[in-house]
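Asker: fold the stuff below for me.
(chains A and B)
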Amino acid sequence: MTRLLLVEDNEMNRDMLSRRLQKKGYEVVLAVDGEEGVAKARAEAPALILMDMSLPGVNGWEATRRIKADPQTSGIPVIALTAHALTSDRDQAMAAGCDDFDTKPVEFTRLLAKIETLLKRSG
Amino acid sequence: MSTDPAALSHLRHELRTPLNHIIGYSEMLLEDAADGRATGLEPGLRTVHENAQRLLALVNDFLGRARVDAGEVDVPRLSAEASTPLDAIVTALEAVKLQVHGAGADGARDDLERIAAAAAALHTMISTGLDPDSPRATPESVPTIAPATPSRSPRKSWAC
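Answerer: Residues are numbered from 1 along each chain as shown, chains lettered A, B, ... in the order given. Okay, here's the model as predicted:
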């Protein structure tokens, strides 16, 4: 079963997205902030990370930079999730090292397609 | 009322967060209905989902970047226009909650409570005129829409 790491501080968003992904056959590991996200990226070796950007403490941009700077986790694709649909948010996420970007409310079918594309690309 | 772009951006974020919950949970329940579970709830859930999408479109339109940058945000009008889809969500949700047991969909109850809590948060914001400077609703300040007691403890965070 393909393991995904979902880094999301909002409990309802975490519950909703993890359950929907599990229904699609993914194993979902959860982290509630950037610090835990970085630690679980190392410990759990997920195939892909879904990263909320607006996190308390270490935010999603910084967590992604740390993940991409670590040789052990740099190859894991990261999809940024933000509540903002602005070009600047997308640019900022890509500059931090994210491989793709999506906005909340999540359009689940579109997000699934992005996950599958990145998983295929990373082999 | 503030026209500060940062305050308006924050308001947009605060409105979209509970909308995200309403849309996401209603989609999940609609998926369950499509899988043959909770089929009787489908029409009401569809009404909830459609009106949440309508409300989201209003928020994106009225609090979009272009309007904020141009200083053309009409918050009172947004507040007035948001009432209709929000009322439709609350009414449909009440009906769905009454149907749950009969539809053999007791498992949907918790998710319906989550939708109700998000709708109540929106109701609080809209009924107070969406003032970007006013304190935002918290789970503790949100009134319960339905007589049923949530079966789980209150959520701690409303911010995305």
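
Asker: after the strand or helix carrying residue A:18, next one along is what?
Answerer: Secondary structure assignment for residue A:18, by DSSP states H and E: helix A:11-23. Using DSSP H and E, the next helix or strand after helix A:11-23 towards the C-terminus is strand A:27-31.

Asker: can you pull the pLDDT of residue A:65?
Answerer: Note on residue A:65: pLDDT of 97.

Asker: would you mind measuring from it to chain B?
Answerer: Counting by Cβ to the nearest Cβ, to the nearest Å, the gap from residue A:65 to chain B is 21 Å. Bear in mind the C-beta positions are built from the backbone N, C-alpha and C, glycine included.

Asker: cool, residue A:121 as well?
Answerer: 27 Å.

Asker: before we move on, back to that, mind giving me the packing neighbours of the helix holding residue A:18?
Answerer: strand A:3-7, strand A:27-31, helix B:5-34, helix B:109-127 (3 or more Cβ pairs under 8 Å, 6 or more residues apart in numbering or on different chains; DSSP states H and E).

Asker: what lines up beside the second one in the sheet?
Answerer: Counting by DSSP bridges, the strands paired with strand A:27-31 are strand A:3-7 (parallel).

Asker: give the buried residues for the strand it pairs with.
Answerer: Buried positions in strand A:3-7, judged by neighbour count with 16 or more other Cβ atoms under 10 Å in any protein chain shown: A:4, A:5, A:6, A:7.

Asker: any chance of those residues in TSV, with distance to residue A:123 too?
Answerer: Converted to TSV, the buried residues of strand A:3-7 look like this (distance: Cβ to Cβ, whole Å):
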residue	distance to residue A:123
A:4	16
A:5	18
A:6	21
A:7	23
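
Asker: export those to TSV and tack on pLDDT and distance to residue A:32?
Answerer: What follows is these, written out as TSV (pLDDT from 0 to 100; distance: Cβ to Cβ, whole Å):
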residue	pLDDT	distance to residue A:32
A:4	98	15
A:5	98	12
A:6	98	10
A:7	98	8
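
Asker: so which of the helices and strands packed on helix A:11-23 is nearest residue A:107?
Answerer: helix B:5-34 (9.3 Å; Cβ to Cβ).

Asker: tell me the pLDDT at residue 82?
Answerer: Reading this off chain A. 84.

Asker: that's the wrong chain, I wanted chain B
Answerer: 94.

Asker: neighbours of residue B:87, how many?
Answerer: 14 (other Cβ atoms under 10 Å in any protein chain shown).

Asker: quick check: the gap between it and chain A.
Answerer: Applying Cβ to the nearest Cβ to residue B:87 and chain A gives a distance of 20 Å.
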